[in-house]
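> Take a look and give me a structure for this.
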Amino acid sequence: MSYDAVIIGAGMSGLAAGIRLAHYSKRVCILEQHHAIGGLNSFYRQRGRTLDVGLHALTNYVPKGTKSGPLSRLLRHLRLTWDELALVPQLGSTIAFPDIRLNFNNHFELFVSEVRKFFPRQIDGLMSLVNELLDYDQLGLGNSGGSAREFVRRHISEPLLAEMIFCPILYYGGARERDMEFGQFCIMFRSIFLEGFARPFDGVRLILRKLLQKFKTLGGELRLRTGVRRIFSKFGRVEKIQLTDGTEVVAKNVLSSAGWSETMQLCDCPVNVDNIDHGKQLGSGQLGFVETISVLDKEPKQWGHDRTIVFFNDSGNFSYEKPSSPVDLRSGVICSPNNFDYTESLGEGLIRITALANFDRWKGLSPEEYRKEKLLWYDKTLESAIRFMPDFRKHVVDTDMFTPLTVSRFTGRENGAIYGTPDKKYDGRTHLENLYVCGTDQGMIGIIGAIVSGITIANQYLLN
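Below you'll find the model as predicted:
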């Protein structure tokens, strides 16, 4: 079989790239090793319930009719309407540290007023920070390097405020321990504080369903349960792709959303001195997470919890790094999908708690040990979270939990690192002339970022 483009991975970025290419009558095939689409942002059925994986909230939210920003631009590129995504804004979120809680929502003025109340001397610095990062192009291909912490220190002199700002930004997009590259920080700050959170009533499956429907309507081909065994090259170009069932396909271009290291391991040719610039080995991601899922007999507002998301940390210093223990209980993210501004009830309550985790500590366990450790750390994670929210444990009627091992098993990501390598390939190019990467390791994080990445790489190389 021969195609204009083969896309590896049916996640957000792969689907978006497929739509963009199919719109221009390219013959496109998306290969997905899993039995379901979505990649790092998917869903599954358990005991009659549909549960999201990955999506806490869609960032970069702007109200209907807004002409600028990544969300508005990607809708235009994909020929989707605002109403098709059926996005509903958050009720309100909180950054919770031991002595101070900063509330914010989709109106930046609230966050400014909270900073003014608790850190009155930092207002001028916060506004100068915002004015400087507004100039960064969220849809560019260029690398804007440098330390985000150094950038923040130039504007914010109060260490506690800086730590509180970094807590949600790193949890929602940090591939690097303790710090973030300046360009990514600009993107994440804007997406969380200047734009905001939203969610479709039906969760991530609505977004995936719309993308898949658009892709297939345009004539795109999707192959599930079809992985890639090897990428064969000749004269510096991909010649053919061998699938896990032994068959082969040929494509003029190949676009991979599988991750940088994961894609390089599929290639038959080693990186040499002539192609080291685009094929250099980037460091593997080390930051994994666990997430507990608690189904409740009541919605959170009925027992006193109205926050959409709570980013918590139990000291004045935020330690965003690979923990030595299976789970780091010092900080985390509490999300309630119920607490968006829906006009109808979701029925049952739902609380999802995310915390940093150590892949190696989970990998070495036997199946029985793994099961016991999940039960143990589920309880410990909830106990950690209820320091920053009402105790909901008596309302729990069903549970689940995933670990970095779960992420690795179902997505193929090394170390279960959701945010991929700490060093990104912003131009999307590899050592092979017609092989490109998109998604997390190209440098765009989150659902909107992943979709933008697929669009951008397709536009830049496969359409031009």
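> At which residues are the strands of the stretch 151-300 of the chain located?
With DSSP state E, counting those that start in this stretch as the criterion, the stretch 151-300 of the chain has strands at 198-200, 221-223, 228-234, 237-243, 248-256, 288-296.
> list the helices and strands the fourth one packs on?
Counting contacts by 3 or more CB pairs under 8 Å, 6 or more residues apart in numbering; DSSP states H and E, strand 237-243 packs against strand 228-234, strand 248-256. For every residue, glycine as well, the C-beta is placed using N, CA and C.
> Not counting its own residues, what contacts that strand?
6, 31, 226-233, 248-251, 253-254, 432-435 (CB atoms under 8 Å, 6 or more residues apart in numbering).
> What subset of the residues you listed is buried?
Neighbour counting with 16 or more other CB atoms under 10 Å marks 6, 31, 226-228, 231, 233, 249, 251, 253-254, 432-435 as buried within the contacts of strand 237-243.
> Any buried residues in stretch 284-303, and which?
With burial defined by 16+ other CB under 10 Å, the residues of stretch 284-303 counted as buried are 284-296, 299-300.
> Please list all residues in contact with residue 78.
Residue 78 neighbours (CB under 8 Å, 6+ apart): 16, 19-20, 211, 214, 451, 455.
> any idea how far the residue most central in space within the chain lies from residue 406?
Geometric centre of the chain, nearest residue: residue 446, 3.3 Å, by CA atoms, centre = their mean. Computed as CB to CB, to the nearest Å, the residue 446 to residue 406 distance reads 20 Å.
> Surely residue 439 is in contact with residue 257?
Yes - Residue 439 is within contact range of residue 257, at 3.9 Å (criterion: CB atoms under 8 Å).
> Quick check: neighbours shared by those two?
Residues touching both residue 439 and residue 257 (CB under 8 Å, 6+ apart) are 9, 11, 13-14, 39, 450, 454.
> Mean pLDDT per helix and strand in this structure: which one sits at the bottom?
Ranked by mean pLDDT, DSSP states H and E, the helix or strand of the chain with the weakest confidence is helix 276-279, at a mean of 47.
> picking that back up, max pairwise distance over the shared contacts of residue 439 and residue 257: which two?
39 and 454 (11.3 Å; CB to CB).
> Quickly list what's touching both of those two.
Residues within reach of residue 39 and of residue 454 at once, by CB under 8 Å, 6+ apart, are 12, 14, 257, 439.
> State the phi and psi torsions of the second one.
According to degrees, to the nearest 10, the main-chain angles of residue 14 amount to phi -60, psi -40.
> burial count for it?
30 (other CB atoms under 10 Å).
> Residue 213 now?
By the criterion of other CB under 10 Å, residue 213 has 12 neighbours.
> Please report the distance of it from residue 222.
For residue 213, the distance to residue 222 - CB to CB - is 11 Å.
> One more: residue 210?
14 Å.
> hang on, residue 160 packs against residue 97?
Yes - under the criterion of CB under 8 Å, residue 160 makes contact with residue 97 at 7.1 Å.
> more crowded one of these two?
Of the pair residue 160 and residue 97, residue 97 is the one with more neighbours under other CB under 10 Å, namely 22 against 18.
> any idea of the pLDDT on that one?
Confidence at residue 97, expressed as pLDDT, is 98.
> Quick check: phi and psi at it.
Here is the backbone geometry of residue 97 (degrees, to the nearest 10): phi -110, psi 170.
> what's the most distant pair in the contacts of residue 78?
Among the contacts of residue 78, 214 and 455 lie farthest apart (CB to CB), at 12.5 Å.
> ok, these two, which is more surrounded?
Ranked by neighbour count (other CB under 10 Å), residue 214 and residue 455 place residue 455 first, with 25 against 20.
> Confirm for me that that one is in contact with residue 79.
No - between residue 455 and residue 79 there is no contact under CB under 8 Å: 11.4 Å.
> Under the pLDDT cut-off, which ranges of the stretch 151-300 of the chain? List them.
Across the stretch 151-300 of the chain, the ranges flagged by pLDDT under 70 are 270-282.
> Show me what the longest helix seen in the chain is packed against.
The helix that spans the most residues within the chain, counting by DSSP state H, is helix 367-385. If you count contacts as 3+ CB pairs under 8 Å, 6+ apart, helix 367-385 packs onto strand 288-296, strand 331-335, strand 349-357, strand 396-402.
> let's go with 6 Å and repeat that
When contacts are defined as 3 or more CB pairs under 6 Å, 6 or more residues apart in numbering; DSSP states H and E, helix 367-385 sits against strand 349-357.
> Helix or strand next in line after the strand it packs on, which one?
Using DSSP states H and E, the helix or strand that follows strand 349-357 towards the C-terminus is helix 359-363.
> So which bits of that following helix are buried?
Applying 16+ other CB under 10 Å to helix 359-363 flags 359, 361-362 as buried.
> And the average pLDDT for that helix is what?
Computed over helix 359-363, the average pLDDT equals 96.
> what's the closest of the buried residues of helix 359-363 to residue 314?
Nearest to residue 314 out of the buried residues of helix 359-363 is residue 361 (CB to CB; 20.7 Å).
> so which two of the buried ones among the contacts of strand 237-243 are the farthest from each other?
226 and 433 (24.6 Å).
> Residue 99 - how many residues pack around it?
8.
> buried residues in stretch 207-226?
207-208, 210-212, 214-215, 218, 220-223, 226.
> repeat for stretch 315-333
Under 16+ other CB under 10 Å, the buried positions of stretch 315-333 are 318, 320, 322-323, 326-333.
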